[in-house]
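Chemist: using only what follows, build the 3D model:
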Amino acid sequence: MATAVETLGKLERRMTISFPLADVRTEVEKRLKQQAKTAKAPGFRPGKVPLKMVAAQYGYQIESDVLNDKVGRAFNAAANEQQLRVAGFPKIEPKEDSAEGTLSFDATFEVYPEVKVGELEGVDIETVKADVSDAEIDKTIDILRKQRVHYHTKGEQGEHGDGGAAIAAAGDKVTVDFTGVIDGVEFPGGKADGYAFVLGEGRMLPEFEAATIGLKVGEAKTFPLAFPEDYHGKDVAGKTADFTITLQGLEWAHLPEVDAEFAKSLGIEDGDVAKMRDDIKVNLEREVAGRVKARNKEAVMDALVKVTEMDVPKVMIAQDSERLAEMTRQDMSQRGMDVKNMPFPVELFATKAERRVRLGLILSQLVSEHKLHATPEQVKAQIEDFAQSYEDPKEVLKYYYGDRNRLAEVEALVLEENVVNYVLGKAKVTAKPVAFDELMGSNPQA
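Modeler: Predicted coordinates:
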């Protein structure tokens, strides 16, 4: 039996659930007898343990299970009867003033809000667009060349035998011995022999690289180096050390020529450089299209949040905050970080969780109201699009269709795209050209 629902706030509700104590005792006794059929205890054969011993061993857990089952069923029945859309799980607390022979509990919970999406026709949404030009292809080829760089010893006649002195310059790979002292005392991590790095890549602090540039092999130099206040080495952060470095090795970078051999190294079997450029362009266009889609989706989601006013259930925000915290923990663990004693306060994720929950409710309303569900044809097309960048597209299709959860992830992406297209079809859209480098440097998240 459940009492009438009491309104505590905009979304918070409370009801009292009651049922006879005798019903609980009857069910507990029934389950104890069932447990006794397989119960084991020293000195007794299985199934021959006295009921009192079974009750002593299992009674508390069985009684707890019975109460949870009865409260849960009673709450669900009452919620269905009163057509309540319960958000999350209710908070159940026993009532101290239960009538004799009756068990009563207060169930406090939240309900889903009414979602009314505002008018979309008058909403201004700025989308982005970008093209892939020859300049972007050239930049990509330069990056690919640098990834395949190899080094040659820089001789006395300098790089390429041009007659210049063999001194360290930006782009060179140097091998050095170094020793650092603070107040005349060496510190941990401040000494190394045969340490190699490339000048200009930023692996070393700027002062260290600046001191290395211009040195000849065998030449030494002493210089002061001020560690930044936020330096990862806490023992030396904010302090100034005196370093002595000796250049032991010097090599110049040789980048591969853009020729048939280079094209073959990128998978172009016949070494056709023009075909290589075409392949690079196709891959860049695919990446650009994905980035543009992500940026435009973010703009649509921002617009939907602005035009939709509603209260978000706190319980759903709390649940999603915990989910985000756990996802962060797992991600950091997979990256090799020790997270056992690392705190992950769920409060840090509350803002992001609130937005995610809000958008989830908005999207659900739009999908239901305007029939924007993902069709099987759309899902298949999306998976086929994913498969284009793999050597064996059939394996990609098998991967997604072989697991319902993976398929559901694709369905969710298609559903979001349906909503985005619907909103863009209603709103006042302005397409803004965006620079390739700016687009590729962004990573929007809904």
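Chemist: host element of A39?
Modeler: In this assignment (DSSP states H and E), A39 forms part of neither any helix nor any strand.
Chemist: would you agree L250 falls within a strand?
Modeler: Yes. According to DSSP: H, G, I helix; E, B strand; the rest coil, L250 belongs to a strand.
Chemist: how far away is it from R148?
Modeler: Noted for L250: a distance of 21 Å to R148, by C-beta to C-beta, to the nearest Å. All C-beta atoms are positioned from the backbone trio N, CA, C, and that covers glycine.
Chemist: more neighbours: the two, which one.
Modeler: L250 (25 against 12; other C-beta atoms under 10 Å).
Chemist: show me what contacts the more buried one?
Modeler: By C-beta atoms under 8 Å, 6 or more residues apart in numbering, the residues touching L250 are 153-154, 166-168, 172-175, 216-217.
Chemist: beta-bridge partners for it, please?
Modeler: Taking DSSP bridges as the rule, L250 bridges to V174.
Chemist: how far does the helix or strand hosting A79 sit from the chain's center?
Modeler: Element membership for A79, per DSSP H and E: helix 51-81. In this view, helix 51-81 has its centroid 39 Å away from the chain centroid, taken as C-alpha atoms, centre = their mean, to the nearest Å.
Chemist: what's downstream of that helix, the next helix or strand?
Modeler: Trace forward from helix 51-81 with DSSP H and E and the next one is strand 86-94.
Chemist: put the alpha carbons of that following strand into PDB.
Modeler: Output for strand 86-94, consisting of C-alpha atoms alone and laid out as PDB, is shown next (Å, rounded to 0.1, in the frame of the first residue of the first chain):
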ATOM      1  CA  VAL A  86      10.900   8.300 -11.800                       C
ATOM      2  CA  ALA A  87      14.400   9.600 -12.400                       C
ATOM      3  CA  GLY A  88      17.200   7.500 -10.900                       C
ATOM      4  CA  PHE A  89      16.700   5.500  -7.700                       C
ATOM      5  CA  PRO A  90      14.500   6.500  -4.700                       C
ATOM      6  CA  LYS A  91      16.000   7.000  -1.300                       C
ATOM      7  CA  ILE A  92      14.200   4.600   1.100                       C
ATOM      8  CA  GLU A  93      14.100   5.300   4.800                       C
ATOM      9  CA  PRO A  94      12.100   3.400   7.500                       C
END
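Chemist: tell me the helices and strands packed up against that strand.
Modeler: Contacting strand 86-94 under the criterion 3 or more C-beta pairs under 8 Å, 6 or more residues apart in numbering; DSSP states H and E are the following elements: helix 51-81, strand 102-111, helix 314-334.
Chemist: pairing partners for that strand, with directions?
Modeler: On the basis of DSSP bridges, the sheet neighbours of strand 86-94 come out as strand 102-111 (antiparallel).
Chemist: who touches the strand it pairs with?
Modeler: Defining contact as C-beta under 8 Å, 6+ apart, one finds that strand 102-111 is touched by 8, 11-21, 24, 67, 71, 75, 84-95, 97-98, 313-316.
Chemist: same question for stretch 319-328.
Modeler: Among residues not part of stretch 319-328, those counted as contacts by C-beta under 8 Å, 6+ apart are 88, 344-350, 352-353, 356-357.
Chemist: those in strands, which ones?
Modeler: Residues of the contacts of stretch 319-328 located in strands (DSSP state E): G88.
Chemist: make JSON lines out of the contacts of stretch 319-328 and add distance to A55, pLDDT and neighbour count.
Modeler: Formatted as JSON lines, the contacts of stretch 319-328 follow (distance: C-beta to C-beta, whole Å; pLDDT from 0 to 100; neighbours: other C-beta atoms under 10 Å):
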{"residue": "G88", "distance to A55": "35", "pLDDT": "89", "neighbour count": "16"}
{"residue": "F344", "distance to A55": "41", "pLDDT": "85", "neighbour count": "16"}
{"residue": "P345", "distance to A55": "43", "pLDDT": "88", "neighbour count": "9"}
{"residue": "V346", "distance to A55": "40", "pLDDT": "88", "neighbour count": "17"}
{"residue": "E347", "distance to A55": "44", "pLDDT": "91", "neighbour count": "9"}
{"residue": "L348", "distance to A55": "46", "pLDDT": "92", "neighbour count": "14"}
{"residue": "F349", "distance to A55": "44", "pLDDT": "95", "neighbour count": "22"}
{"residue": "A350", "distance to A55": "45", "pLDDT": "95", "neighbour count": "16"}
{"residue": "K352", "distance to A55": "49", "pLDDT": "96", "neighbour count": "14"}
{"residue": "A353", "distance to A55": "44", "pLDDT": "96", "neighbour count": "22"}
{"residue": "R356", "distance to A55": "47", "pLDDT": "95", "neighbour count": "20"}
{"residue": "V357", "distance to A55": "45", "pLDDT": "96", "neighbour count": "21"}
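Chemist: no further questions, thank you.
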